[in-house]
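# Need the 3D shape of this:
(one chain, ligands or ions: 3)
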Amino acid sequence: MGKPQASEVFSSFNSRYYVKSGALAALPNELANLGLTGTCWLISDTHVGPLYAPSVIQALENAGFSCQRYDIPAQEASKSWQQAGELYTWLLENGVQRGDTVLALGGGVVGDLAGFIAASILRGIAVVQLPTTILAMIDSSIGGKTGINHPRGKNLIGAFHPPRLVLIDDAVLSSLPRRERAAGWAEAVKHGVIADAALFDDLERAGASLNDVPANITSELLVRSAAVKIGVVNRDERETGERMLLNYGHTLGQAVEAATNYKRYVHGEAVAIGMTFAAKLAVELGMWTNAEAERQRALLHALDLPTALPRDLDIEATLAALNLDKKRAKGSVRWVLPTRIGHAQVESHVDPELVRKLVHELVDQA
Ligand SMILES: NC(=O)c1ccc[n+]([C@@H]2O[C@H](COP(=O)([O-])OP(=O)(O)OC[C@H]3O[C@@H](n4cnc5c(N)ncnc54)[C@H](O)[C@@H]3O)[C@@H](O)[C@H]2O)c1
Ligand SMILES: O=C(O)C(=O)C[C@@H](O)[C@H](O)[C@H](O)COP(=O)(O)O
Ligand SMILES: [Zn+2]
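Ligands and ions are numbered 1, 2, ... in the order given. Now for the predicted structure:
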């Protein structure tokens, strides 16, 4: 396959992935083509809903669709049982039926929660992902992982529920805050490190300019990054092997998110810290060169992403959260570790005392 173009359409299982500036206007046609003609239940958040839901709903209604809308609070804390319960009640009180469709218009928080609602209401109805962050466009809208957090840890309750369609209108990125742009690129760096050295090189070349709005090269790099994820989930939908690589940086990253109550870092920032840690671990174990690990750190730094742990972090709570990682097997944490830029592997036998020592060393000394 050559370099994917910005408007290329990919297939992932039963999902179509479609990216084009202005693509949201094509939603009614795309739904009709898929036979999704029931009521559209549009779930968005309090930032994105007011900006983009009215025009999406207008276009759907003009095409004869019936549409209802619910905006959840724009925060990671919305991935909760309580918020899920409110959405179930809204859907049931308003007469949701099996032939209906949930439209997830927003970032990964909306996508994960709305996807989980669609996976479980009436034992499952269709979901269409309309991602509005870089992170959601290249990562969370693809591959069907949906879910909510539990007080004990991140994404611990969920289901695989692939979207019927992922429709990406990169024009919406003009309103995305800079911090969220950087956080999204963290997952693209992940894709480069684990599977695509040329993507990593091009991200490195673009550097800090990726955070500018809008960047010319954004669409191409978005599509190339999404292509990495689509390839992996097409080969291993249920995470029995290769898909675990997509968790690079998440073992410590998600533990940091949980230990800081999901308030201090946005997901991509926590992943940046987690990748820096995994790199340090890989170097310490002699699996990766210090020079390549430093290239990764420099790229994350150029993107204004954190690469150290905060001094006031509760390290014991963070280490305890590691023990709920979903990749654990036979009682041990499995780490995704790079061996060269473009390649990583899962490592099961890492000494927890080494992890503890390196976690302490990653604490910000400044
Ligand atoms: N399912 C998966 O495979 C997967 C993959 C990666 C991450 N995730 C999950 O995704 C979540 C993070 O997603 P995220 O980074 O998109 O964060 P997010 O959904 O919290 O969105 C970030 C912020 O940007 C705002 N926003 C979104 N789009 C906007 C736009 N176009 N203009 C203006 N504001 C906009 C949102 O309201 C929010 O305040 C985490 O919960 C993470 O666990 C899931
Ligand atoms: O799709 C995957 O697989 C990933 O691991 C992508 C990650 O970026 C994402 O954060 C995912 O939600 C993590 O999954 P989890 O199973 O570790 O909760
Ligand atoms: Zn992630």
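# count of residues packed around the residue of the stretch 251-366 of the chain found nearest ligand 1?
Minimum separation of the stretch 251-366 of the chain from ligand 1 (CB to the nearest ligand atom) falls at residue 267, amounting to 4.0 Å. Quick note: C-beta positions are derived from backbone N, CA and C, even for glycine. Using other CB atoms under 10 Å as the criterion, residue 267 is surrounded by 26 other residues.
# so what's it up against?
By CB atoms under 8 Å, 6 or more residues apart in numbering, the contact list for residue 267 reads 76, 108, 135, 183, 253, 257.
# Please apply the same query to residue 28.
Contacts for residue 28 (CB under 8 Å, 6+ apart) come out as 59-60, 62-63, 65.
# Distance to ligand 2 and pLDDT for the contacts of residue 267 - can I get that in JSON lines?
Formatted as JSON lines, the contacts of residue 267 follow (distance: CB to the nearest ligand atom, whole Å; pLDDT from 0 to 100):
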{"residue": "76", "distance to ligand 2": "12", "pLDDT": "96"}
{"residue": "108", "distance to ligand 2": "7", "pLDDT": "98"}
{"residue": "135", "distance to ligand 2": "8", "pLDDT": "98"}
{"residue": "183", "distance to ligand 2": "11", "pLDDT": "98"}
{"residue": "253", "distance to ligand 2": "8", "pLDDT": "97"}
{"residue": "257", "distance to ligand 2": "10", "pLDDT": "95"}
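# Now stretch 160-171: buried residues?
160-170 (16 or more other CB atoms under 10 Å).
# So which residues of this structure form strands?
9-12, 15-19, 40-45, 67-72, 101-106, 126-131, 145-150, 153-160, 165-168, 335-340, 343-347 (DSSP state E).
# mean pLDDT lowest for which of these?
Ranked by mean pLDDT, the strands of the chain bottom out at strand 9-12, with a mean of 55.
# contacts for stretch 145-158?
Residues from elsewhere that reach stretch 145-158 (CB under 8 Å, 6+ apart): 76, 79-81, 83-84, 111-116, 118-119, 127, 159-161, 254, 257-258, 262, 321, 324, 326.
# before we move on, the earlier item: out of the contacts of residue 267, list just those in helices.
For the contacts of residue 267, the ones inside helices are 108, 135, 183, 253, 257, with DSSP state H as the criterion.
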